[in-house]
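Student: quick check, what structure comes out for this input:
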Amino acid sequence: MTYTWEKQKEVESFIRRYELEGSTEFRILDLFSDVGEIAKDATKSADYGNNPDEIRVKHDEIGDALFSLIAVANDLDMDIEEALNQSLEKYRKRIGETGDPGSG
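Tutor: Numbers count the residues shown, from 1 in each chain. Take a look at the predicted model:
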């Protein structure tokens, strides 16, 4: 597939170059693990909610989650820019119709 976002292409090339191929299921588990690291950073830095203004998350943890998410999108032959545009449009429509971005 041809992706429109250069970083998506870069992740695809990186995975091929370093032979990091894996199953989509494994990539999704890896994504959840990376998101868990973000939650861990946030929870610890905010003292388990006691100091919400102190929340800190390391840049590389966000990067790891993005890498994993892009790898999942690539496995599913999804253009991530197109997926994000669809999501933004969905939220715009919901806000226009209900004043709220939530689906509930």
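Student: and stretch 16-32, how far out from the chain's middle?
Tutor: On the basis of C-alpha atoms, centre = their mean, to the nearest Å, stretch 16-32 sits 14 Å off its chain's mean C-alpha point.
Student: ends of it, how far apart?
Tutor: In terms of C-alpha to C-alpha, to the nearest Å, the two terminal residues of stretch 16-32 are separated by 22 Å.
Student: could you pull up the mean pLDDT of it?
Tutor: On average, the pLDDT along stretch 16-32 is 97.
Student: other residues contacting that stretch?
Tutor: With C-beta atoms under 8 Å, 6 or more residues apart in numbering as the test, stretch 16-32 has contacts from 14, 15, 65, 68, 69, 71, 72, 75, 76. C-beta coordinates here come from the backbone N, C-alpha and C atoms, glycine included.
Student: got these as TSV, with distance to residue 82 columns?
Tutor: Below are the contacts of stretch 16-32 laid out as TSV (distance: C-beta to C-beta, whole Å):
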residue	distance to residue 82
14	21
15	20
65	20
68	19
69	14
71	17
72	15
75	16
76	12
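Student: ok, and the most crowded of the residues you listed?
Tutor: When neighbours are counted by other C-beta atoms under 10 Å, residue 71 leads those with 24 neighbours.
Student: is it true that that residue touches residue 11?
Tutor: Yes: contact status for residue 71 versus residue 11: in contact at 6.1 Å, counting by C-beta atoms under 8 Å.
Student: turn the contacts of stretch 16-32 into a markdown table, including secondary structure and distance to residue 46.
Tutor: Converted to a markdown table, the contacts of stretch 16-32 look like this (DSSP: H, G, I helix; E, B strand; the rest coil; distance: C-beta to C-beta, whole Å):
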| residue | secondary structure | distance to residue 46 |
| --- | --- | --- |
| 14 | helix | 32 |
| 15 | helix | 34 |
| 65 | helix | 18 |
| 68 | helix | 23 |
| 69 | helix | 24 |
| 71 | helix | 29 |
| 72 | helix | 28 |
| 75 | helix | 33 |
| 76 | coil | 34 |
